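>>> Predicted coordinates and the sequence they were generated for:
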There are 2 protein chains.
Amino acid sequence: MNTFRWGEPVALPAPVRDLLSAALGVTGPRPGAEPVLPEPAPLPAFPGLDVSPEARLRHATGMSTEDLLTARSGALPHAPDGVTRPASHDEVLDVLRIAAEHRIAVVPHGGRTSVVGGLRAVRDGYAGLVALDLSRLNRLLRLDRTSRTATFQAGVRGPRAEELLAAEGFTLGHFPQSFQYATLGGFAATRSSGQASAGYGRFDQMVVGLRAATGAGTLDLGRAPQSAAGPDLRQLMLGSEGAFGVLTELTLRIRPAREIRYAGWAFPSFDAGLRAVRALAQDGPTPAVVRLSDEVETAINAATGSGTDANGGCLAVVGHLGDADPAGRLASYGAEPLGDGPGRAWVAGRFRAPYLRDALLDAGALAETLETAAFWDRLPDTYAAVRDALAHTLDGAGTPPIVMCHVSHVYETGASLYFTVVAAQADDPVAQWRAAKAAAGAAIAASGATISHHHGVGRDHRPFYAREIGPAGVAALHAVKRALDPANVLNPGILLP
Amino acid sequence: MNTFRWGEPVALPAPVRDLLSAALGVTGPRPGAEPVLPEPAPLPAFPGLDVSPEARLRHATGMSTEDLLTARSGALPHAPDGVTRPASHDEVLDVLRIAAEHRIAVVPHGGRTSVVGGLRAVRDGYAGLVALDLSRLNRLLRLDRTSRTATFQAGVRGPRAEELLAAEGFTLGHFPQSFQYATLGGFAATRSSGQASAGYGRFDQMVVGLRAATGAGTLDLGRAPQSAAGPDLRQLMLGSEGAFGVLTELTLRIRPAREIRYAGWAFPSFDAGLRAVRALAQDGPTPAVVRLSDEVETAINAATGSGTDANGGCLAVVGHLGDADPAGRLASYGAEPLGDGPGRAWVAGRFRAPYLRDALLDAGALAETLETAAFWDRLPDTYAAVRDALAHTLDGAGTPPIVMCHVSHVYETGASLYFTVVAAQADDPVAQWRAAKAAAGAAIAASGATISHHHGVGRDHRPFYAREIGPAGVAALHAVKRALDPANVLNPGILLP
């Protein structure tokens, strides 16, 4: 990954450029500034400490649009004073001990793909801030063919994990958009969900065991597939985003590698598509991948060459494993087959959207995504409320947006909604997006949905998360934080209000 | 349910009586004593308070063999001073408030089917002890056909829940051995797992939302099927056994009611059976029910008329839904078909074992069960270690046992083991069983398995549970307890060391 970009630069297709200027009034890039590192605080002797400007720059931001816009404005307020690269679980414990002694804030770093400010830790009140880079914890420790589990160190990136497993004929089946960069520890700490979640489950459902370094010592959890021995503490560490401890090892359920077969389908409307994908999730055949775009996303993607027209309706790409072909059921719900072209196109571009965002930002557009999940009966209301909140807020700011949405994760009881917003950048694009995001979050909360299906909480979702779990829930989490991080040095300001 | 019995008395079949005397040296019942209630402490005005001896007797014990033996010896050391029957969530909050003010221990009661001492709360240091009976929280609040969820009050018993759902064409598919008496709240608080868990999942996997009354107020959790918004606090309340709060409402995933079709299979050995049921769990066709008895259990059940002979090997009863017939795969693993008789017999007697235990205790035998779960690669070692520990301990006490085992819950990565032990009662049968149970628990811990797959922690498993989650895990749970039960009145002595 390049610094302050998702990856190597890509060119905007001509139809996208035309759309930006014609439909959104984007007038081109505004001058930015070379980002400047703040003066570093001195750090104690952490394992593998690197205080070079290069290392500090590389660990200076996450990948939310706010992160990227802030860096482009020249500011790096969350850059660490240095980077520690422990080589073992015990060295991670050392990092936490040294940090507690010297009151240094510790920010665990996996792939740095957080899009919710998960790396924007608080510095105030700390003697310094160190990025805990897990990249040296990069080994497959054990593969158990009988139990179909694999124990990895937490710093292994997605492609490397799949490569190691493929050599043995296995896969995790976890392919989120951050796959190319993100780490297994990051997937677990943020409750990542991959594009094939319908078939392979969410990442949190793959974790059968974990090891974490905390301020209260080591947590080793998961002695069986399931247990009735008390609350499931694995589920307390999953989603804890480095605030309770540092995940150092994960034991994951693996499966034999199999091919996913894709087909494209046209629905007359988003509602019709929702009914059909709900039928698959509830009554099968269970799909592996479900991706249903609304009318706007379908039309924009088709017009800009990144998707397939769906006879003026909505495009769905559905993938399945083995002989669980959902074609018959989809057809019975009014879907028109579009062949395997849309699936091939989607697979080819499945990790491309964040690259395109960089190009959009370069071109002077605001481009950001947000997501939620709700029970099926609330999903249409949530969809309309979030879409309208985004449009209303950005219209009111004089930057009318394009708001697109798709369903990408389906369950028996509900589904996710993933929104993409593109508009012209206002004078202060960070403030512009914050207002739109706040309105969308309020709409999500009011409709009874969750503030995040797979992006996590980070800094950006803290107030909404606190509202979701209520004062008693917040009190429970604060109590856990005090127990496992008594020095309060772990990712301060993240997750908890 | 009768007092100090699982249900109405049943007669021991003649072959069982013969076996007890011939093989185990059981010489017949020894004199017991009529249980006597301790003098009650006065209680403040709890909602719907009942301090009658009848109510106190009915809430005096759980259903572990130790509970029953203690009551038969005349002692009821854990009987409450009275029973409060709140009629609403708010009245449950009132109970907790009044209890905190007056320092009264509160023991939530569902069906009282705990077999791990989950109702043996500590009295020391409290002004009194009240049983919080949830039987008035007995309504179906909402059925959402679109999302396939049902919201129940927590005091609804298993059969009533199925009756209410069946009227709408739905089922939970949750049929544990405690089904006839236990409540939905109890299923959730103890992480119950039903006999059809392979097809319908464990109870904790059915819970999409919950409401709990705590000492810090109300917890309302679950706004979506899945969420990346932080740690899953639902999973902190599931399995908390009344120590963190009182579950008052549950929103559960439901499914259309379908018939389960059963078949019996004979395997040449337990190991061969394990390989076959692992293949089903990992590669399908996914079964709904799997029940594989070891050689001893198969032989004893066949000899005593409660099971089918399996050509001298091991009996498996496998149930499936719809067209997911596992016959072909089972046959490919060396299983011989035994037709539908074994399945019919098993279904007819599926809730009978606890009744038979009463009759065995009446006859002077010790009869108890324990269970665990482990990953597949450790399962054979765990099986042998627990069996040997039970046999060795009871042999050494001069009461050689029959130790039987079956697998009743299978997962991709592992399975449960359920042991039944029958021996002659020693002079002090409670001490006799405690020694055997301690040896079995140590064997489970040493083999890396979990101390409970579906019975829970209660009093009996506390030290093993603490060892499983380690000091940091215990610290986290204690912190949650202090946050949600600051007066420390909720089920004291249960779950936490």
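Thanks, I have the structure now.
>>> all contacts plus neighbour counts: C-alpha atoms, from now on.
Noted.
>>> Any stretches of chain A with poor pLDDT?
For chain A, the stretches with pLDDT under 70 are A:1-3.
>>> Mark out where each domain of it begins and ends.
For chain A, automatic domain parsing gives the domain ranges A:140-256, A:260-446.
>>> give the contact list for whichever residue of the stretch 1-150 of chain A sits closest to chain B.
In the stretch 1-150 of chain A, the residue that lies nearest chain B is A:Ser147 (4.5 Å; Cα to the nearest Cα). Counting by Cα atoms under 8 Å, 6 or more residues apart in numbering or on different chains, A:Ser147 makes contact with B:375-377, B:412-414.
>>> can you put the domains of chain A in a markdown table and add distance to B:Ala466?
Shown next, in a markdown table, are the domains of chain A (distance: least, Cα to Cα, whole Å):
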| stretch | distance to B:Ala466 |
| --- | --- |
| domain A:140-256 | 10 |
| domain A:260-446 | 34 |
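>>> Could you say which of those domains is packed most deeply?
Greatest average neighbour count among the domains of chain A goes to domain A:140-256 (a mean of 23), per mean count of other Cα atoms under 10 Å in any protein chain shown.
>>> That one: end-to-end distance?
End-to-end distance of domain A:140-256 (Cα to Cα, to the nearest Å): 17 Å.
>>> Could you do stretch A:224-232 as well?
Start-to-end, stretch A:224-232 (Cα to Cα) is 12 Å.
>>> got a list of what A:Leu394 touches?
Counting by Cα under 8 Å, 6+ apart, A:Leu394 has contacts A:400-401, A:423, A:432, A:436.
>>> so which helix or strand takes in it?
Following DSSP states H and E, one finds A:Leu394 within helix A:379-396.
>>> And the helix or strand following that helix, what does it pack against?
Counting by DSSP H and E, the element after helix A:379-396 in chain order, helix or strand, is strand A:402-407. Based on contacts counted as 3 or more Cα pairs under 8 Å, 6 or more residues apart in numbering or on different chains; DSSP states H and E, the elements that strand A:402-407 packs against are strand A:289-293, helix A:295-303, helix A:379-396, strand A:414-424.
>>> Tell me if the last one is near chain B.
Yes. Part of strand A:414-424 sits near chain B under the criterion Cα under 8 Å from any Cα of the partner chain, namely A:414-415.
>>> pull the CA atoms of that strand into CSV?
Provided in CSV are the C-alpha atoms of strand A:414-424 (Å, rounded to 0.1, in the frame of the first residue of the first chain):
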residue,chain,number,x,y,z
GLY,A,414,-31.9,-9.8,7.7
ALA,A,415,-29.2,-8.3,5.5
SER,A,416,-26.7,-5.5,5.1
LEU,A,417,-27.0,-2.3,3.1
TYR,A,418,-23.9,-0.7,1.6
PHE,A,419,-24.1,2.9,0.4
THR,A,420,-21.7,4.7,-1.9
VAL,A,421,-21.9,8.5,-2.1
VAL,A,422,-20.2,10.7,-4.7
ALA,A,423,-20.5,14.5,-4.8
ALA,A,424,-18.5,17.5,-5.6
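>>> That one - contacts with which helices or strands?
Partner elements for strand A:414-424 (3+ Cα pairs under 8 Å, 6+ apart): helix A:14-24, strand A:365-375, helix A:379-396, strand A:402-407.
>>> If we use 6 Å, what do you get?
Helices and strands touching strand A:414-424, by 3 or more Cα pairs under 6 Å, 6 or more residues apart in numbering or on different chains; DSSP states H and E, are strand A:365-375, strand A:402-407.
>>> Nearest to B:Gly245 among the ones you listed would be which one?
Distance to B:Gly245, taken as Cα to Cα, is lowest for strand A:365-375 among the helices and strands packed on strand A:414-424, at 25.5 Å.
>>> what comes into contact with stretch A:160-180?
Counting by Cα atoms under 6 Å, 6 or more residues apart in numbering or on different chains, stretch A:160-180 makes contact with A:158, A:194-195, A:200, A:254-257, A:351, all of which sit outside it.
>>> what's the spacing between stretch A:108-119 and its chain's center?
Distance of stretch A:108-119 from the chain centroid (Cα atoms, centre = their mean, to the nearest Å) equals 9 Å.
>>> That stretch near chain B anywhere?
No. Judged by Cα under 6 Å from any Cα of the partner chain, stretch A:108-119 stays clear of chain B, getting no closer than 11.1 Å.
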